[in-house]
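Visitor: build me a model:
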Amino acid sequence: MRPDHLVGRRLEQVVASWHRYGAEAPSGPLDVWLIDSEAVATHVTTGSDWCLPVETSAPVAGYDMAESGRVEVAPISGETPFAAHLGGTVLAVSEDGDPDSERLALEIIFDSGRVRCESWSGALRLSSM
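Guide: The predicted structure is shown next:
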């Protein structure tokens, strides 16, 4: 899906999933859900082929993976590059990818700056620009 539906909407909340294993610091985020002013949740994650799928879907519940740890899902604010843009309106989005493959990066542009979401060696990487 194309993420153009975000343009003109305010970013109200960010929900993320994190992998926790024992006492180790959580790794991730594995997924982020951008909740906008229309109460639409846009899910950004990485695919098994290292692409960057973007779809509208509600956040999932956390789950236990027995001896492999746990995936926790919760709203986040200060721990993400999106924190500076909460309440801001999306002005534009742009995508990067290989013509022969899927989307590899998504840049979300606010009046206060940009956030880049990309698949990096199969992991989701978020950065402020």
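Visitor: for stretch 16-27, which positions count as buried?
Guide: Residues of stretch 16-27 classed as buried: 16-20, 26 (neighbour count, 16 or more other C-beta atoms under 10 Å). All C-beta atoms are positioned from the backbone trio N, CA, C, and that covers glycine.
Visitor: ok, now stretch 119-129?
Guide: Buried residues in stretch 119-129 (16+ other C-beta under 10 Å): 119, 124, 126.
Visitor: which SSE is the residue nearest the centre of the chain in?
Guide: Centrality entry for the chain: nearest residue to the mean C-alpha point is residue 32, 3.1 Å, by C-alpha atoms, centre = their mean. Assigned by DSSP states H and E, residue 32 belongs to strand 27-36.
Visitor: cool, and residue 42?
Guide: strand 41-45.
Visitor: that strand vs strand 27-36, what angle?
Guide: Per axes from the mean of the first three to the mean of the last three C-alpha atoms, to 10 degrees, the angle that strand 41-45 makes with strand 27-36 is 150 degrees.
Visitor: what's the offset of the following helix or strand past strand 41-45 from the middle of its chain?
Guide: Next in sequence after strand 41-45, counting helices and strands by DSSP H and E, comes strand 54-56. Mean-position distance between strand 54-56 and its chain equals 10 Å (C-alpha atoms, centre = their mean, to the nearest Å).
Visitor: against which helices or strands is strand 54-56 packed?
Guide: In terms of contacts (3 or more C-beta pairs under 8 Å, 6 or more residues apart in numbering; DSSP states H and E), strand 54-56 is packed against strand 41-45.
Visitor: so where's the protein uncertain?
Guide: 1, 98-102 (pLDDT under 70).
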